[in-house]
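Peer 1: model this:
(4 chains)
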There are 2 protein chains.
Amino acid sequence: MTSSSTRESILDATERLAASGGTDALSLRSITREAGVNVAAIHYHFGGRDGLMRAMLDRHVAPLNARRLALLDGLDEAAGPAAVLEAFLRPDLELIDRLRRDGRASLTRFLGEAYARPTPEVAALMAAQFHPVAEAFLARLAGCLPEVPPAELRLRLGLVVAVVQGLFAEAPDLDGPALLGADTLDEQVRRLVSFAAGGVGAPAATPHARRP
Amino acid sequence: MTSSSTRESILDATERLAASGGTDALSLRSITREAGVNVAAIHYHFGGRDGLMRAMLDRHVAPLNARRLALLDGLDEAAGPAAVLEAFLRPDLELIDRLRRDGRASLTRFLGEAYARPTPEVAALMAAQFHPVAEAFLARLAGCLPEVPPAELRLRLGLVVAVVQGLFAEAPDLDGPALLGADTLDEQVRRLVSFAAGGVGAPAATPHARRP
DNA sequence: GTCTATAACTGGATAGAC
DNA sequence: GTCTATCCAGTTATAGAC
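Peer 2: Here you go, the predicted structure:
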């Protein structure tokens, strides 16, 4: 078996396990059993467990951010904040939707955990990949929303990211009457974007009187 | 040493470890070392590791929800959506702020993980505790925001919860120029509430024309 | 109620043959 | 590049003395 096909089969097996059993099922032993390869192969190809996890993240996060930028790039000059936020959010919902249709919903939790409890290295990788994306969207939003101070905009985009993180974490459980349950993808996008646009474009907070 | 004081010292030690080392530092061995008690004591008092984790959650989540309801109860009849959302969100920010001032910021990650990767039992416990709170707030919000359909309101409150979950997960790292970094607590509350109120009260999403 | 001692496992990593 | 065999640190849990 050539080098690259073993590498791929390890990644595929890891993904299958993450999708069905959640992150706890991702021991080197279970992965190698699933992939039909050997424990040492993982160390050879990825340098260890951490390297494998980083490779898994790249596999999903890089396309996600690429799609964000592509959608942003395709917008009209005159696009409003809602359209910009749709470019930011739609790729996440597409990913969640695709994985859930495949019966691989638990894979979203793997991604959610990369946010919620990153290894220092994973955190650095995520930040490095996400930073230019965030800056591009912030610049565009600042153009649409001149009345919102840039610092406030930055904070609010951070809150939007927090929403997305929450969606990824909960996505496997949303089968019932929950968040994005029974809707079509476009419907989900509309609803999420209307919430996000309302939040990002809200009048800047001013101190208000407290009750006596 | 009496039964209850051992129980307490175990809980305290668990909390100290979660606060300094994150969730991975919470093995029975490290806990018993820190508490100066024995491994078997944990099984005696909590029935095992899971029971201990459940007890830890109760210790923080129960007061959180109680405070939410208390603040909601103290509102004027005429209170608007922003005030209601402040009652919902302020307890979270208070908790994060308090833990960060104590140098126990990592404890927030423990709570964030309870959302992001709950044991089935933990998920059930969280849902049971949170459900009545959510219903109370939804009823109140429905009164303030008759123009937003109840189903939409429910979804949006879910998104607010996702924001909170994201805040808990990231809180330990927010020392730099990040989300709620340099502000006072009241300032944080104002900013978060203005975002949430903008999102929850946004005009209901309507289909909009896509670009050609 | 508390402790010692130990059982029974699983985890990641690696040396060295092929 | 790939495998076998092994190492060792780590985990939860429990039986049984006190």
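Peer 1: And residue A:148, how far from residue A:123?
Peer 2: Using CB to CB, to the nearest Å, one gets 28 Å for the distance from residue A:148 to residue A:123. (Each C-beta comes from the backbone N, C-alpha and C, glycine too.)
Peer 1: show me the contacts for residue A:198.
Peer 2: B:198, B:199, B:200, B:201, B:202, B:203 (CB atoms under 8 Å, 6 or more residues apart in numbering or on different chains).
Peer 1: Please report how far the residue nearest to the second one when sequence neighbours are not counted lies from residue A:158.
Peer 2: Leaving out its chain neighbours, the residue that sits closest to residue B:199 by CB to CB, 6 or more residues apart in numbering or on different chains is residue A:199, at 3.6 Å. For residue A:199, the distance to residue A:158 under the criterion CB to CB works out to 11 Å.
Peer 1: tell me, what's touching those two both at once?
Peer 2: Joint contacts of residue A:199 and residue A:158 (CB under 8 Å, 6+ apart) do not exist.
Peer 1: helix or strand for residue A:85, which one?
Peer 2: Taking DSSP states H and E as the definition, residue A:85 sits inside helix A:81-101.
Peer 1: any bit of the next helix or strand after that helix sitting next to chain B?
Peer 2: Next along the chain after helix A:81-101, taking DSSP H and E as the criterion, comes helix A:106-116. Yes: part of helix A:106-116 sits near chain B under the criterion CB under 8 Å from any CB of the partner chain, namely A:109, A:112, A:113, A:115, A:116.
Peer 1: any idea how far the fourth one lies from residue A:99?
Peer 2: Distance of residue A:115 to residue A:99, computed by CB to CB: 16 Å.
Peer 1: burial count for the residue nearest to residue A:94 when sequence neighbours are not counted?
Peer 2: Excluding its sequence neighbours, the residue lying closest to residue A:94 (CB to CB, 6+ apart) is residue A:185, at 6.7 Å. Close neighbours of residue A:185, defined as other CB atoms under 10 Å in any protein chain shown, add up to 15.
Peer 1: List the residues that contact residue A:61.
Peer 2: By CB under 8 Å, 6+ apart, the neighbours of residue A:61 are A:111, A:114, A:126, A:129.
Peer 1: Could you rerun that using 7 Å?
Peer 2: A:126, A:129 (CB atoms under 7 Å, 6 or more residues apart in numbering or on different chains).
Peer 1: What strand or helix carries it?
Peer 2: Per DSSP H and E: residue A:61 is located in helix A:49-73.
Peer 1: Can you give me the domain assignment for chain A?
Peer 2: Listed by automatic domain parsing, the domain ranges of chain A are A:1-47, A:49-200.
Peer 1: Could you export those to CSV, including columns for distance to residue B:54 and mean pLDDT?
Peer 2: Formatted as CSV, these follow (distance: least, CB to CB, whole Å; pLDDT from 0 to 100):
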stretch, distance to residue B:54, mean pLDDT
domain A:1-47, 18, 92
domain A:49-200, 18, 91
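Peer 1: and these, which is most packed in?
Peer 2: domain A:49-200 (a mean of 18; mean count of other CB atoms under 10 Å in any protein chain shown).
Peer 1: Quote the end-to-end distance of that domain.
Peer 2: End-to-end distance for domain A:49-200, by CA to CA, to the nearest Å: 39 Å.
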